[in-house]
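Peer 1: sequence below, structure please.
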Amino acid sequence: MRALELVRANEGAVVDVGSGGGAPGIPLAAALPDREVVLLEAERRKCDFLEHWAPANARVVWGRAEEQPTDWAGVATAKALAGPPVAAEWCLPLVRPGGAVVLWVGQRVDREAVARVASRVGGGRPEDREGLLVIPKLEATPPGFPRRAGVARKRPLR
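Peer 2: Okay, here's the model as predicted:
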């Protein structure tokens, strides 16, 4: 798995935002049996699936990223969650300073747009790692973030 070493490099809990069918959260939990992995999913029926297949060190949470506590995870991952700027806005508040967000991205990702969003939510400059975008969390989540559920997609940060 491409992201395994990136996730392993950051201590603390792992949160897979928008876990859906379980990738990458379930494989990461299987590869890192000593780490807590949170599979965060907003759709109940997908949570039912995840609960059936989740390893012992994985916990399924039914909810939205915007409704979760801030600054607690060591690393957040997201694959096919939303466009990279929106995914960064949803994931960065979950990660504590010193941690990172790992996003699966395509070749046409607008790194500057992601960098602008990251800077507003306590993150640093994104680094491209062969189809993965790694965003370090530098500061605590600022007041006003996360924004209410759905706002990031409706009114993306610029």
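
Peer 1: give me the sheet partners of whatever helix or strand Gly99 lives in and which way each runs.
Peer 2: Of the helices and strands defined by DSSP states H and E, Gly99 is found in strand 95-104. Strand pairing for strand 95-104, using DSSP bridges, gives strand 73-78 (parallel), strand 132-136 (antiparallel).

Peer 1: need the winner for burial among those strands.
Peer 2: strand 73-78 (a mean of 27; mean count of other CB atoms under 10 Å). To be clear about C-beta, it is placed using only N, CA and C from the backbone, and glycine gets the same treatment.

Peer 1: send me that strand as PDB with only the CA atoms.
Peer 2: Coordinates of each C-alpha in strand 73-78 appear next as PDB, following Å, rounded to 0.1, in the frame of the first residue of the first chain:
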ATOM      1  CA  ALA A  73      -5.600  12.300  15.200                       C
ATOM      2  CA  GLY A  74      -2.100  11.700  14.200                       C
ATOM      3  CA  VAL A  75      -3.000  11.300  10.500                       C
ATOM      4  CA  ALA A  76      -6.100  11.500   8.400                       C
ATOM      5  CA  THR A  77      -6.500   9.800   5.100                       C
ATOM      6  CA  ALA A  78      -9.100  10.400   2.300                       C
END
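
Peer 1: buried residues in stretch 144-158, which are they?
Peer 2: By neighbour count with 16 or more other CB atoms under 10 Å, stretch 144-158 contains the buried residues 145-147, 152, 157.

Peer 1: again with stretch 6-13
Peer 2: Of the residues in stretch 6-13, those buried under the neighbour-count criterion (16+ other CB under 10 Å) are 6-7, 10, 13.
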